[in-house]
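> okay, predicted coordinates and the sequence, questions at the end:
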Amino acid sequence: MAENPHPFESAWLKWSWATAHAHTLKTDVEIWRNHPDRQRDVVLMKRHDTKRHRIDVIVAKVEPFPIEWGLVLGEIAHNYRSCLDHVAWTLVERGRTPLATLTDRQQGNVYFPIHADRLEFNAALPRKVPGLRRTDIAIVRSYQPYKHGKLKSPYHAIAILARISRHDKHRTIQPVLAIPAAVNSRWRRLACSRGCATGSATANAAEPCTRTTSVGRVRFATSTSKHRPWVHSR
């Protein structure tokens, strides 16, 4: 095999391979979504909550996506994760600790660190990226999930990538789940003895669709036992 002309060449090759798989998955999803015989994959239902003066729109049924999508997703995650590990290896190569001084076990522990806690990240540096330059440490640190706070760190792209890759390799095929891009609701005001006050609609469009997942909600200032607001969601 010819020597790589660029120190990060192997990382870029892993990235391009992952991107190719991602385009393949996107194309398959588009073909599936636009198929004329496709059945409705998500069925919604309405649940009237009189105590909280609201109507919840929840998922009643979700049809599973093709299992092959999970296999492709695993390939995508594996290659993107490998891309980061190849970056880490190159950074160690040009660092202050020569690779020849590391044991086989120490070399096997070289990974791109991904942590949701600053102290854990600092503690992992000597083991995962020994001898890294200060400038390279600063770059790696800037991409850490913990930089975005405790609430947002689990949803950081690299944190999600690490979980998908780890679970796909060591647990089971990771399923592809539906996440609604938007929830459109329309409702009408009903005339009744007490009056149905104007309500407000909210949508939860960031959670995967599983059975009983709440995807939308309409709140009302008052409620009545004789009349229920009417809501249509899609």
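In hand now; what should we look at?
> do you know how far His6 is from Trp89?
For His6, the distance to Trp89 (CB to CB, to the nearest Å) stands at 14 Å. For every residue, glycine as well, the C-beta is placed using N, CA and C.
> looking at the two, which one has more neighbours?
Trp89 (19 against 9; other CB atoms under 10 Å).
> am I right that that one is in contact with Gly108?
No: contact criterion CB atoms under 8 Å: Trp89 and Gly108 do not qualify, at 11.0 Å.
> tell me, how many residues neighbour the nearest residue to Leu102 once chain neighbours are set aside?
Excluding the flanking residues, the one nearest Leu102 by CB to CB, 6 or more residues apart in numbering is Pro130, at 6.8 Å. Counted by other CB under 10 Å, the residues lying close to Pro130 total 18.
> so which strand or helix has the residue nearest the centre of the chain?
Note on the chain: the residue nearest the mean C-alpha position is Ile160, at 5.1 Å, using CA atoms, centre = their mean. When elements are assigned from DSSP states H and E, Ile160 belongs to helix 157-170.
> how about that helix: buried residues?
By 16 or more other CB atoms under 10 Å, the buried positions in helix 157-170 come out as 158-159, 161-162, 164-165, 168.
> quick one: mean pLDDT for it?
In this model, helix 157-170 has a mean pLDDT of 89.
> mind listing residues that contact stretch 66-78?
Stretch 66-78 is contacted by residues 18, 21-22, 24-25, 28-29, 32, 161, 164-165, 168-169, 173-176 when judged by CB atoms under 8 Å, 6 or more residues apart in numbering.
> next up, the contacts around the residue nearest to the centre of the chain.
Pro154.
> helix or strand with the lowest mean pLDDT in this structure?
Across the helices and strands of the chain, mean confidence by mean pLDDT, DSSP states H and E is lowest for strand 230-233: a mean of 48.
> show me what contacts Pro175?
Applying CB under 8 Å, 6+ apart, one finds that Pro175 lies in contact with 64-65, 67, 69-70.
> out of the residues you listed, which are inside strands?
Among those, none falls in strands (DSSP state E).
> among those residues, which lie within helices?
Judged by DSSP state H, these include 67, 69-70 as members of helices.
> list only those of these flagged as buried.
Buried by 16+ other CB under 10 Å: 69-70, out of the ones in helices among the contacts of Pro175.
> so among the ones in helices among the contacts of Pro175, where is pLDDT lowest?
Ranked by pLDDT, the ones in helices among the contacts of Pro175 bottom out at Ile67 (85).
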